[in-house]
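J.: coordinates for the following, if possible.
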Amino acid sequence: MELRAVLRVLRPRVGEAILDAGCGGGYYTEALHRQGALVTGTDMSIEMVRQVRRATGLPVFASNLEQGAAGPVFDAVLSCGALEFCRAPEKAVREMAEALRPGGGRVVLMIPAVTMLSHLYRYYHARHGVSINLFSFADVESMARAAGLQITESRRAGFNHVVRMEPAGEGEQP
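T.: Next up, the predicted model:
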């Protein structure tokens with residue numbers, strides 16, 4: 001269900017350069033590769049990076065979301081289940097926006113919807129010493145605006161939201 005929603009919102013195209021920011025075990029990295037995208041993954045866990053490289057042979061690099069992507073410019077940035085772990089999520093969204101090619105591209109986030117389940121998710125992580133953020137739709141809109149983006153699509157996928165953001169149009173205030 002989540003993969004289908006992510007692909008519907010992202011709309012990857014063959015040959016398109018896509019960054020999977022916070023790729024974890026590479027689930028979406030592999031799915032995008034199967035769709036014909038030129039996908040690059042990043043994750044802050046060096047062990048996860050090694051595992052995904054070994055399993056897929058795809059380019060995956062160690063980096064956290066707040067540092068941004070060094071090197072190439074992307075047609076799209078996807079981040080599923082990672083933004084809530086950022087200490088500075090606003091900075092992470094700005095870095096994702098800066099990784100887009102000049103004049104276009106899109107950022108797609110999958111983040112937990114604020115529900116009873118997401119509060120349990122937060123509680124579970126807190127019990128294991130990990131703090132996570134939960135974001136209202138207004139929070140996501142604010143982060144998008146601060147990064148010069150606007151939300152162009154939002155879809156529910158299980159207990160998550162999948163949100164597509166694109167550069168704000170002419171005359172829009174970033």
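
J.: so what's the residue positioned nearest the centre of the chain up against?
T.: Nearest to the mean C-alpha position of the chain, by C-alpha atoms, centre = their mean, lies Ser79 at 1.3 Å. Contacts for Ser79 (C-beta atoms under 8 Å, 6 or more residues apart in numbering) come out as Asp20, Ala21, Gly22, Leu65, Ala92, Met96, Val107, Val108, Leu109, Met110. Every C-beta, even on glycine, is put in place using the N, C-alpha and C of the backbone.

J.: excluding chain neighbours, what is closest to the third one?
T.: Ranked by C-beta to C-beta, 6 or more residues apart in numbering and with sequence neighbours excluded, the top spatial neighbour of Gly22 is Ala82, at 2.5 Å.

J.: ok, so what distance separates that neighbour from Met116?
T.: In this structure, Ala82 and Met116 are separated by 22 Å, where distance is defined by C-beta to C-beta, to the nearest Å.

J.: show me where the protein has its helices.
T.: In order along the chain, the chain carries the following helices (DSSP state H): 2-10, 27-34, 46-56, 89-98, 116-127, 137-146.

J.: OK, contacts around Val107?
T.: Going by C-beta under 8 Å, 6+ apart, the list of residues near Val107 reads 76-79, 93, 96-97, 100, 147, 149, 164-166.

J.: give the contact list for the closest residue in space to Val60 that isn't next to it in sequence.
T.: Excluding its sequence neighbours, the residue lying closest to Val60 (C-beta to C-beta, 6+ apart) is Gly41, at 3.9 Å. Residues counted as contacts of Gly41 (C-beta under 8 Å, 6+ apart) are Leu19, Asp20, Cys23, Gly26, Thr29, Val49, Val52, Leu58, Pro59, Val60, Phe61.

J.: bridged to Ile111, which residues?
T.: The partner list for Ile111 in beta bridges (DSSP bridges) reads His161.

J.: same question for stretch 152-168: list its buried residues.
T.: Buried residues in stretch 152-168, counted by 16 or more other C-beta atoms under 10 Å: Ala157, Asn160, His161, Val162, Val163, Arg164, Met165, Glu166, Pro167, Ala168.

J.: list the contacts of the last one.
T.: Under the criterion of C-beta under 8 Å, 6+ apart, the neighbours of Ala168 are Arg145, Gly148, Leu149, Gln150, Pro174.

J.: which of the residues you listed count as buried?
T.: Arg145, Gly148, Leu149, Gln150.

J.: how close does the nearest residue to the last one once chain neighbours are set aside get to Ala147?
T.: With C-beta to C-beta, 6+ apart as the criterion, Gln150 has its nearest non-adjacent residue at 4.7 Å, and that residue is Ala168. When distance is defined by C-beta to C-beta, Ala168 is 9 Å away from Ala147.
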